[in-house]
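Undergrad: Fold the following and give me the result.
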Amino acid sequence: MNTALELKNISKSFQEKPGETLVALKNISLEIRLGEFFIFLGPSGAGKSTLLRVMSGLEKSYEGNLSLSGEIAKSDFSFVFQQFALLPWLTVRENIGLGLMSRNLSSADRNKRVSEELKLFKLEKFSQAFPRELSGGMRQRVGLARALCTNPKIIFMDEPFSELDSFTAEELRQDLLKIWNERKMTIVMVSHNIEEALELADRIAVLTPLPGRIEKIIENSLPRPRNKRSPDFYRLYDELYTLIKP
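TA: Prediction:
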């Protein structure tokens, strides 16, 4: 399988106080395959979100090298945040179409794309609503629709379902899997939920506590849709739990 992006010896440090340096990431090397669903899993404070920001270009100060496939540019990236990150003064329709404003598209084409995402995420009745008028699940639907509206080749997702109740999170995970399967984009996601990672990912990288290193990469070959009550699911769950627990 072709490589979408490659990391070589990525390290990241933060200057907390004069003379005190926090090493968040240490010598991470990894290849993300084109079209795969890849998840970083690990304890809180393992540097997962920092690594995602480095990979997506939101964090520009780091050591090491990050390279993209020749068919992918940074303009092909989208990001879904944990805290929704919607602009409160824009309507649902305007928030979804925000990423298209810098694209060379006609007004008709922008409206068509936004309308398609509104329909896909069952947001048509809320197109003129503002974020404050929506539930958490609906706001994250808007966040996902905004990320997908630009037809990205890679989507970075930072614990996108952690703020949602379990039923809403499960519904959105299933929606995401369906869209990923149809559009064949690459998804790189951070999670702290082992069951979620096993349900979604093709591969799972377990990060150590700070400084974050890749302890192990698990190939998740469970057939889709994943049966959460199967012996193989429990076996992988136990393996990941043993790797992650303090």
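Undergrad: Just list what the strand or helix carrying Gly143 packs against, helices and strands only.
TA: Using DSSP states H and E, Gly143 sits in helix 136-149. Helix 136-149 is packed against strand 77-80, helix 92-96, helix 107-120, helix 166-183, with contacts defined by 3 or more Cβ pairs under 8 Å, 6 or more residues apart in numbering; DSSP states H and E. Any C-beta I mention is one placed from the backbone N, CA and C, and that applies to glycine too.
Undergrad: give me that answer again for 10 Å
TA: Judged by 3 or more Cβ pairs under 10 Å, 6 or more residues apart in numbering; DSSP states H and E, the packing partners of helix 136-149 are strand 77-80, helix 92-96, helix 107-120, strand 154-158, helix 166-183.
Undergrad: between those, which gets nearest to Glu16?
TA: With Cβ to Cβ, the closest approach to Glu16 among the helices and strands packed on helix 136-149 belongs to strand 154-158: 21.8 Å.
Undergrad: Next one: Phe130 from Phe79, what distance?
TA: Noted for Phe130: a distance of 22 Å to Phe79, by Cβ to Cβ, to the nearest Å.
Undergrad: and the residue most central in space within the chain, what does it touch?
TA: Closest to where the C-alpha atoms of the chain average out (Cα atoms, centre = their mean) is Met157, at 1.6 Å. By Cβ atoms under 10 Å, 6 or more residues apart in numbering, the contact list for Met157 reads 37, 39, 52, 56, 78-82, 143-144, 147, 176, 187-191, 200.
Undergrad: Which segments of the chain make up each domain?
TA: The chain breaks down by automatic domain parsing into domains covering 3-72+153-244, 86-151.
Undergrad: Now the ones you listed in TSV, please, with extra columns for mean pLDDT.
TA: Shown next, in TSV, are the domains of the chain (pLDDT from 0 to 100):
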stretch	mean pLDDT
domain 3-72+153-244	92
domain 86-151	91
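Undergrad: that older thread, let's have the helices and strands packed on helix 136-149 in TSV, adding distance to Glu196.
TA: Converted to TSV, the helices and strands packed on helix 136-149 look like this (distance: least, Cβ to Cβ, whole Å):
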stretch	distance to Glu196
strand 77-80	14
helix 92-96	25
helix 107-120	21
strand 154-158	11
helix 166-183	7
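Undergrad: Starting from the host helix or strand of Ala4, tell me the next helix or strand along the chain.
TA: Taking DSSP H and E as the criterion, Ala4 maps to strand 3-17. Beyond strand 3-17 on the C-terminal side, the first helix or strand identified by DSSP H and E is strand 20-33.
Undergrad: Counting by contacts, list what that next one packs against.
TA: With contacts taken as 3+ Cβ pairs under 10 Å, 6+ apart, strand 20-33 sits against strand 3-17, strand 37-41, helix 48-56, strand 63-68, strand 186-191, strand 203-207, strand 214-219.
Undergrad: Next, report how far the helix or strand just after the last one is displaced from the centre of its chain.
TA: Pointing back at strand 214-219 there. Moving toward the C-terminus from strand 214-219, the next helix or strand (DSSP H and E) is helix 231-244. Centre-to-centre, helix 231-244 and its host chain are 22 Å apart (Cα atoms, centre = their mean, to the nearest Å).
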